[in-house]
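Colleague: Okay, sequence plus prediction incoming.
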Amino acid sequence: MDEKERLAVEKEIEQRAREIEEILRSYLPAEEGCQRTVIEAMRYSILSGGKRLRPMLMQETYKLCGGTGESVRPFMAAMEMIHTYSLVHDDLPAMDNDEYRRGRKTTHVVYGEGMAVLAGDGLLNYAFETALKVFDNCEVDGIPLTERYRAGIRALSVLAGKAGIYGMIGGQTADLEAEAGQPDSEQLLFIHEHKTAALIEASMMIGAILAGADEAVIKAVEECASHIGIAFQIQDDILDVSGDEAALGKPVGSDEKNCKQTYVTVCGLEKAAEEVRIRSRKALDILKGLPGDSAFLQRLTEYLIYRDR
């Protein structure tokens, strides 16, 4: 991807991210009542910027698979809430102890550790309250009511599973335990597959499910998302070593500071970059083989995997 193509994709991403931001704001709770502080901390955490990658992948996969209505919107918001809660908890002193996220002070630095824990808990719980709103509008999109209910329930199941102990939390557990030892490349791939790729898999699968895609397409989308997620995380490891702090919006070298083993420290920069290339090609090949127009998803995938921030 040359400089001109990169700038064009960035412009497309920014436009879609602004649209997603409005969707997200429409589902967030108001800062009021005795619980005002935790809601304020929730909103501070989730409205601090970011690529909105996961809801974007969900929305684009939904369109790719023929979805035309708005049933995907509550799930888009819910996914970003779950992703943000994981970051809030990940930044805590008991985990990575980071002071900056997306160029701003992390939630625990601004609101204290206790309120940051509650803000993360609040985002996780509110995510499912939000996703359940899919059933408020079940007679849309031209899909029969029974199928709409079935798709909504399956999407909720995917969301819960990929965010839980057999998905993201399982990966976070393995990541935390790996800090006390010397994980090999296979263990690190397990961590990346679950801690990072699981929510990307959920995002793209939910988009396909809500659009009424068949099983073969849903399975292909899951595999594609797995490659994207792992490549994305390995690139993140690379950037932690060689990235620019101003561009990233967070300190580089945090993994080394925390004595944390990554795919780069275990396998080296050259092998890590090659793994990114291999998984990128596999993801793009799957996208090209899917029905529908995947042009933007291909550009988005290539940009995200080879990003410099």
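Modeller: That came in fine, so what should we check first?
Colleague: burial measure for Asn125, as a count.
Modeller: Residues lying near Asn125 (other CB atoms under 10 Å) number 12. C-beta: built from backbone N, CA, C; applies to glycine.
Colleague: gap between it and Ser48?
Modeller: Using CB to CB, to the nearest Å, Asn125 is found at 20 Å from Ser48.
Colleague: Please apply the same query to Lys105.
Modeller: Taking CB to CB, one finds Lys105 at 9 Å from Ser48.
Colleague: Spit out the contact partners of the residue most central in space within the chain.
Modeller: Taking CA atoms, centre = their mean, the centroid of the chain lies closest to Arg54, which sits 4.1 Å from it. When contacts are counted by CB atoms under 8 Å, 6 or more residues apart in numbering, Arg54 touches Met79, Glu80, His83, Leu199, Ile200, Ala202, Ser203.
Colleague: Among these, which are located in helices?
Modeller: Met79, Glu80, His83, Leu199, Ile200, Ala202, Ser203 (DSSP state H).
Colleague: Turn those residues into TSV, including pLDDT, distance to Ser242 and neighbour count.
Modeller: Shown next, in TSV, are the ones in helices among the contacts of Arg54 (pLDDT from 0 to 100; distance: CB to CB, whole Å; neighbours: other CB atoms under 10 Å):
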residue	pLDDT	distance to Ser242	neighbour count
Met79	98	29	31
Glu80	98	28	28
His83	97	25	23
Leu199	98	25	26
Ile200	98	23	27
Ala202	98	30	30
Ser203	98	27	33
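Colleague: Return the closest of the residues you listed with respect to Ala211.
Modeller: Ala211 has its nearest neighbour among the ones in helices among the contacts of Arg54 in Ser203, at 13.0 Å by CB to CB.
Colleague: surely that closest one meets Pro55?
Modeller: Yes: counting by CB atoms under 8 Å, Pro55 is a contact partner of Ser203 at 7.0 Å.
Colleague: overlap in contacts of these two?
Modeller: Contacts common to Ser203 and Pro55, judged by CB under 8 Å, 6+ apart, are Met79.
Colleague: for Pro291, phi and psi?
Modeller: phi -70, psi 150 (degrees, to the nearest 10).
Colleague: Excluding residues flanking it in the chain, which one is nearest it?
Modeller: Nearest residue to Pro291, sequence neighbours excluded (CB to CB, 6 or more residues apart in numbering): Val217, at 7.2 Å.
Colleague: which of the residues in stretch 12-20 are buried?
Modeller: Ile13, Arg16, Ala17, Ile20 (16 or more other CB atoms under 10 Å).
Colleague: what's the closest of the contacts of Arg54 to His89?
Modeller: His83 (11.3 Å).
Colleague: you'd agree the closest one is up against Leu199?
Modeller: Yes: counting by CB under 8 Å, His83 touches Leu199, with 5.8 Å between them.
Colleague: Many thanks, I have nothing further to ask.
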